[in-house]
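Engineer: Next one to model:
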Amino acid sequence: MSKRQIAVIGLGSFGLAIARELSELGERVTGIDNDSNLIASTEEYLSVAICGDASNPAVLSDCSIRNFDLVVVSIGENTEASLLAAMNVLDSGAPEVWVKAQNATHARILEAIGVHRIVQPESAYGKKLAHEIRNQGLTGSMPLHHGMATGLFAIDKDLTGDQLLRRFAKRDVEYKPLLIFRDSGAVDAFAPDCEIGSNDLVLIHGTMDSLKTANDS
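Structural biologist: Numbering: from 1, shown residues only. Now for the predicted structure:
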């Protein structure tokens with residue numbers, strides 16, 4: 001896969017995490033922020049680090065923002081600056097624009113101006129954490145389309161082998177195992193001789209509602 005050109009505007013904790021991870025994954029990342037000290041601290045792992053105010057169209061024009069494959073706007077608490085930056089990037093003709101929204105109102109405005117993807121990390125993580133608190137066996141989940149999701153389920157220490165297989169085989173259970181992860185590696189959950197033991201992690205698939213209550217089954 002060829003490296004993509006990705007710009008991250010706003011290098012606060014959220015934007016910085018995105019920029020660093022993308023860089024470590026091999027993408028070519030340009031960071032843009034109006035804090036010169038922050039820019040200086042990121043130069044070692046970003047392909048390019050630019051000090052400038054993205055609410056100024058000239059700054060984005062100078063760095064040819066329209067030529068990037070994807071632009072992430074992750075400006076922190078300043079909603080006005082975020083909206084101006086997003087509009088400037090969209091006006092430039094950049095093909096894909098993702099923006100961090102501070103709240104539901106901010107998200108609605110971003111949707112109205114044509115942002116391609118809107119993310120609300122605090123809200124999303126709060127919901128995810130609530131599900132994990134509700135079902136402490138579910139160590140992580142990923143929503144899919146049409147109310148479906150996958151989740152990583154930590155097996156109770158008092159449930160092993162046949163007991164777990166019977167749990168997953170219940171006709172009224174709306175989730176099914178896909179893979180089993182253990183120290184020796186991943187195992188196909190549908191293998192004829194497969195047995196699920198305590199301390200295994202099981203990747204399960206089902207409705208989001210069923211994953212929320214998997215520990216009750």
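Engineer: so Ala112, which of the three states?
Structural biologist: At Ala112, secondary structure determined by DSSP: H, G, I helix; E, B strand; the rest coil is helix.
Engineer: Over to Ala94?
Structural biologist: Here Ala94 is recorded as coil under three-state DSSP.
Engineer: For it, which non-adjacent residue is spatially closest?
Structural biologist: Excluding the flanking residues, the one nearest Ala94 by CB to CB, 6 or more residues apart in numbering is Val71, at 4.9 Å. The way it works is simple: take the backbone N, C-alpha and C, and place the C-beta from them, glycine included.
Engineer: Reduced to three states, what does that neighbour come out as?
Structural biologist: Val71 ends up strand, using three-state DSSP.
Engineer: Return the residues in contact with it.
Structural biologist: Val71 makes contact with 6-9, 65, 89, 94, 96-98, according to CB atoms under 8 Å, 6 or more residues apart in numbering.
Engineer: do the same with Ile65
Structural biologist: Neighbour list for Ile65: 7, 71, 88-89, 92, 94 [criterion: CB under 8 Å, 6+ apart].
Engineer: out of those, which one sits closest to Ile50?
Structural biologist: Ile50 lies nearest to Ala7 out of the contacts of Ile65, by CB to CB, at 8.8 Å.
Engineer: confidence score at the residue nearest to Ala94?
Structural biologist: Looking at Val71, its pLDDT stands at 98.
Engineer: which one of the contacts of Ile65 has the most neighbours?
Structural biologist: In terms of neighbour count, Val71 stands highest of the contacts of Ile65 at 29 neighbours, by other CB atoms under 10 Å.
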